[in-house]
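Student: Predicted structure and sequence below. I'll ask about it afterward.
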Amino acid sequence: MSHQNHKANQLIRIINSNWNKLTLFDIRDKSILALGYHSDQKYLEEARSQILLCKSEACIVTLLESVRNSKSDQIEELFLERIISNCSKQPLVCLISIKAFNYFDIETRKDIFFLLFEIFTSNLLDKDIRIEALNVLVDKYPNEMAENEDPNFKEKLIHYLNQSSLNGFSNSMRSSIKSYPSGILGYNLNQLMSDDGYLRNFDFSVSFKQNNSSRLDFLKVELYADNLSSFSAKLKQKKKDRKDPTSSLHLSIMGQKLKIVELFKGYASMISMLWALPTSPTSLFNSNFLVNDQIEYIFLSNGMSLRIENIGTLGIDIEGVTDVSLWNQYAKINLKTRASFINEQNLILINNFNILNTFQTSLKNQFLVDFDMNTDFNHDPYKLCIKMSQNKFHIKELSKVLDGEKKILQEINKILPIQGSGFMFSRETVNLKDLSIICEETL
């Protein structure tokens, strides 16, 4: 529903009136995320009041992501409130709120600049929150950052850049897959590890950057984890200081957050998930999306008219295989992401309600991205192998010119091969004190 160009108004009204009465959490969360895209002022106000009633961090995150889907200029204050009130108590809510500022035009908001600056220079907040605040500062306030003469700020900035680039705490990279005349198709990968070598954040996105314009994320997968070190026997923690490990998975399509999955919350939940993990290929996500559905008429000066029909669909299938052994202390994960895109366009020349000619174009492609992560906990330091690759695929373009009786006058068939490639990972991550990246050997 969140990608329909022609809004199903009746369905939206029904869901808008009853979403807070739904008891099945999966349906409720999907409805909330979809409503954000079709939101009105009434829904935004109700979502704000529901956030105050939430009893869990996951509830707040779902509502915040729904509100962000609206991309309304009226919701900046809501995220500002969450940052001020939640950074020390609910770090994930704070992190999601800071990331939301990437979608708003906040360049003239000096109050947000000073708040993010204060967060980055604070020693009391989590490292991932401070790094994300720095990312927004650099992206939205480049002039203010360049002109800042505060020695405390410069010292912290140099310290964090050294940590990020040399110690593997933060690993961010962006690279192109294919260049087109209108822009670049590429991927972006960000990784953040905790001080003791455990995953904190990981996100991967495939996006298209138009020339001198904004970037659109076709697919974005985010993994958030916290307190994973609590189950490590190597780290001695007092029982009262030990916090529950948590992990959640977020999926976005075409810039809209569509699915949030809580993988586990607590030690018992994590162990149950490990035992229940499938060892055969299992579909984690499978769906088709209507990207574009457009019909338009252009009336020409000679009395004729041109009918434009354009429809685009996107299919995504994410399949996973896991092999985890607590006894032998290893874990193997394989994720296959298959995506197919079809765009069909008709240009129909009409005169006195009669079709004279039709020009049809069809663009099709399908590709596969393989992600493998093998971890061996039986060594000190741990061994971790991360590999990601994209298979060879073809972009197929078919063009036809037809007359009024659907007879083909001309046909052109083009096939553009795209070579397979491996996704680059930074070798600097080998310097993690409790983690070594070894991808030259099979674990």
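Tutor: That came through, no problem. Residues are numbered from 1 along each chain as shown.
Student: Where do the strands of the stretch 151-300 of the chain begin and end?
Tutor: Here the stretch 151-300 of the chain has its strands, by DSSP state E, counting those that start in this stretch, at 170-180, 183-193, 199-210, 215-226, 246-253, 256-265, 282-299.
Student: what packs against the shortest one?
Tutor: If you count contacts as 3 or more C-beta pairs under 8 Å, 6 or more residues apart in numbering; DSSP states H and E, strand 246-253 packs onto helix 57-70, strand 215-226, strand 256-265. Any C-beta I mention is one placed from the backbone N, CA and C, and that applies to glycine too.
Student: still on that earlier bit, among the strands of the stretch 151-300 of the chain, which gets the worst mean confidence?
Tutor: Of all the strands of the stretch 151-300 of the chain, mean pLDDT reaches its minimum on strand 170-180 (a mean of 69).
Student: circling back to that earlier point, export the helices and strands packed on strand 246-253 as JSON lines, with columns for mean neighbour count and distance to residue 131.
Tutor: Listed next are these as JSON lines, based on neighbours: other C-beta atoms under 10 Å; distance: least, C-beta to C-beta, whole Å:
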{"stretch": "helix 57-70", "mean neighbour count": "23", "distance to residue 131": "19"}
{"stretch": "strand 215-226", "mean neighbour count": "18", "distance to residue 131": "14"}
{"stretch": "strand 256-265", "mean neighbour count": "19", "distance to residue 131": "21"}
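Student: which one of those lies closest to residue 311?
Tutor: Among those, the nearest to residue 311 by C-beta to C-beta is strand 215-226 (17.2 Å).
Student: how about the residue nearest to residue 259 when sequence neighbours are not counted, what does it touch?
Tutor: Once flanking residues are discounted, residue 259 sits nearest to residue 251: 4.3 Å by C-beta to C-beta, 6 or more residues apart in numbering. Each residue near residue 251 by C-beta atoms under 8 Å, 6 or more residues apart in numbering is listed here: 220-222, 257-261, 285.
Student: re the thing from before, nearest to residue 107, of the helices and strands packed on strand 246-253?
Tutor: Nearest of the helices and strands packed on strand 246-253 to residue 107, taken as C-beta to C-beta: strand 215-226 at 16.7 Å.
Student: Tell me the helices and strands packed up against that closest one.
Tutor: With contacts defined as 3+ C-beta pairs under 8 Å, 6+ apart, strand 215-226 has these neighbours: helix 91-100, strand 199-210, strand 246-253, strand 330-351.
Student: Could you check the angle the first one makes with helix 57-70?
Tutor: Between the direction of helix 91-100 and that of helix 57-70, the angle (axes from the mean of the first three to the mean of the last three C-alpha atoms, to 10 degrees) works out to 10 degrees.
Student: Isn't residue 183 up against residue 176?
Tutor: No: in this structure, residue 183 is not within contact of residue 176 by C-beta atoms under 8 Å, at 10.0 Å.
Student: out of the helices and strands packed on strand 246-253, nearest to residue 95?
Tutor: strand 215-226 (7.6 Å).
Student: So what are the sheet partners of that closest one and their directions?
Tutor: Taking DSSP bridges as the criterion, strand 215-226 forms sheet pairs with strand 199-210 (antiparallel), strand 246-253 (antiparallel).
Student: Break the protein down into its domains, please.
Tutor: Domain ranges of the chain: 167-276, 282-443, per automatic domain parsing.
Student: Of these, flag the one that's most buried.
Tutor: domain 167-276 (a mean of 16; mean count of other C-beta atoms under 10 Å).
Student: Mind listing residues that contact whichever strand or helix holds residue 116?
Tutor: Using DSSP states H and E, the secondary-structure element containing residue 116 is helix 110-120. With C-beta under 8 Å, 6+ apart as the test, helix 110-120 has contacts from 76, 80, 83-84, 87, 98, 101, 106, 125, 129-130, 133-134, 136-137, 140-141, 144, 153, 156.
Student: swap the cut-off to 6 Å and go again
Tutor: Contact with helix 110-120 is made by 106, 130, 133-134, 136-137, 141, 144, as judged by C-beta atoms under 6 Å, 6 or more residues apart in numbering.
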